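Trainee: Have a look at this fold, sequence not included:
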């Protein structure tokens with residue numbers, strides 16, 4: 001059963017089994033304090049989108065209180081309909097060229113030394129949105145050559161080579177962390193990441209890992225029905241592609257219209273996966289129930 005509205009098309013998974021009540025170790029931080037209010041004013045006053053809000057990230061209270069936010073470029077409507085994601089699906093509006101200056105102004109107003117840039121999928125654009133990424137990076141570097149930048153990009157489907165070249169050209173020669181999330185294991189892609197392809201995503205990460213002064217990063221959501229062996233296989237694939245940084249977190253169901261949680265992993269399980277990842281040679285590992293791809297990303301700037 002599904003229904004459509006002006007917020008996109010969603011699928012009702014409420015009839016499927018869910019793992020039940022969330023365990024006590026999963027708790028979102030409260031949205032409070034002067035730091036949170038300052039971040040909110042800076043973002044909302046600039047008419048900017050953040051993945052913190054659009055994807056209903058449970059860490060928004062903690063991150064905004066510390067003055068950290070992940071900017072969502074290219075609007076707030078995605079051309080794909082992943083089963084786990086709360087971002088709206090539909091037909092996006094035209095690219096807003098004013099977004100470049102508004103992001104840079106907000107970074108200045110917030111006094112950020114490390115910036116995370118991500119976006120919706122824009123399969124409707126010939127370049128997948130790569131040009132806007134390049135423009136934002138260029139403006140941030142122009143204003144502050146020392147600013148740390150982390151990207152979390154789409155797979156750029158049919159224009160990977162051109163998109164990577166465009167963005168890398170804007171970022172060079174400064175150091176860059178470039179993330180693209182595999183999200184789950186290959187067996188679950190058809191359900192979890194509709195419109196995406198495991199091999200295509202790995203290919204992007206491999207291209208990124210070969211760039212000078214660039215570290216490739218990826219993230220997995222756990223608790224969607226994957227096995228330990230499957231997770232290990234993905235970690236090995238990431239290392240073979242040259243990825244050096246990985247984040248592992250618990251999938252949390254945004255609404256009843258999204259995929260159910262099959263399992264809540266214990267802190268001990270996350271610790272075991274973290275140890276396994278380090279054993280495989282990842283230089284930076286973040287693992288835990290509340291970990292998301294850009295969680296504590298600013299700690300990478302000094303890594």
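Mentor: Happy to help now that I have it. Values in this document were obtained by computation on a predicted structure and should not be read as measured data.

Trainee: now this protein, which segments are flagged as low pLDDT?
Mentor: 1-20, 27-69, 295-303 (pLDDT under 70).

Trainee: quick one, helices of it?
Mentor: Assigned by DSSP state H, the helices in the chain fall at 33-45, 51-54, 60-65, 99-110, 130-143, 160-171, 189-192, 198-209, 228-240, 267-280.

Trainee: Could you point out which of these sits nearest residue 249?
Mentor: helix 267-280 (8.4 Å; Cβ to Cβ). (Glycine included, C-beta is placed from N, CA and C.)

Trainee: angle of the closest one against helix 228-240?
Mentor: Angle of helix 267-280 versus helix 228-240, following axes from the mean of the first three to the mean of the last three Cα atoms, to 10 degrees, is 40 degrees.

Trainee: Going by neighbour count, list what's buried in helix 267-280.
Mentor: The neighbour-count check on helix 267-280 (16 or more other Cβ atoms under 10 Å) flags 269, 270, 273, 274, 276, 277 as buried.

Trainee: quick one on the thing from earlier: okay if I get the helices of the chain as JSON lines plus distance to residue 246?
Mentor: Output for those, formatted as JSON lines (distance: least, Cβ to Cβ, whole Å):
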{"stretch": "helix 33-45", "distance to residue 246": "27"}
{"stretch": "helix 51-54", "distance to residue 246": "18"}
{"stretch": "helix 60-65", "distance to residue 246": "19"}
{"stretch": "helix 99-110", "distance to residue 246": "26"}
{"stretch": "helix 130-143", "distance to residue 246": "22"}
{"stretch": "helix 160-171", "distance to residue 246": "20"}
{"stretch": "helix 189-192", "distance to residue 246": "18"}
{"stretch": "helix 198-209", "distance to residue 246": "11"}
{"stretch": "helix 228-240", "distance to residue 246": "6"}
{"stretch": "helix 267-280", "distance to residue 246": "6"}
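
Trainee: how about those, which one is nearest residue 81?
Mentor: helix 189-192 (11.0 Å).

Trainee: Let me see the residues that make contact with the closest one.
Mentor: 82, 83, 84, 183, 184, 196, 197, 198, 224, 259 (Cβ atoms under 8 Å, 6 or more residues apart in numbering).

Trainee: Of all pairs in the residues you listed, which one spans the longest distance?
Mentor: Longest span within these, Cβ to Cβ: 197 and 259, 18.5 Å.

Trainee: which of those two has more neighbours?
Mentor: Neighbours per residue (other Cβ atoms under 10 Å) separate residue 197 from residue 259, with residue 259 holding more: 24 against 13.

Trainee: For the more buried one, which non-adjacent residue is spatially closest?
Mentor: What sits nearest to residue 259 in space, not counting adjacent residues and going by Cβ to Cβ, 6 or more residues apart in numbering, is residue 83, at 4.2 Å.

Trainee: Look at that neighbour and say how many residues are nearby.
Mentor: Residue 83 has 19 neighbours, counted by other Cβ under 10 Å.

Trainee: and it, what are its phi and psi?
Mentor: Main-chain torsions, residue 83, degrees, to the nearest 10: phi -70, psi -10.

Trainee: Just to check, it is in contact with residue 260?
Mentor: No - checked against Cβ atoms under 8 Å, the pair residue 83 and residue 260 is beyond contact range at 9.7 Å.

Trainee: Could you give the number of residues near the closest residue to residue 175 other than its chain neighbours?
Mentor: With Cβ to Cβ, 6+ apart as the criterion, residue 175 has its nearest non-adjacent residue at 4.9 Å, and that residue is residue 213. Per other Cβ under 10 Å, the neighbour tally for residue 213 reads 11.

Trainee: For residue 213, give its distance to residue 246.
Mentor: The spacing between residue 213 and residue 246, counted by Cβ to Cβ, to the nearest Å, is 20 Å.

Trainee: and if you look at residue 150?
Mentor: In terms of Cβ to Cβ, residue 150 sits 14 Å off from residue 246.

Trainee: same question, residue 24
Mentor: Following Cβ to Cβ, the distance that separates residue 24 from residue 246 is 26 Å.

Trainee: for the longest strand along the chain, packing partners?
Mentor: If you go by DSSP state E, the chain has its longest strand at strand 214-222. Helices and strands touching strand 214-222, by 3 or more Cβ pairs under 8 Å, 6 or more residues apart in numbering; DSSP states H and E, are strand 176-179, helix 198-209, helix 228-240, strand 245-250.

Trainee: Right, I'll leave it there.
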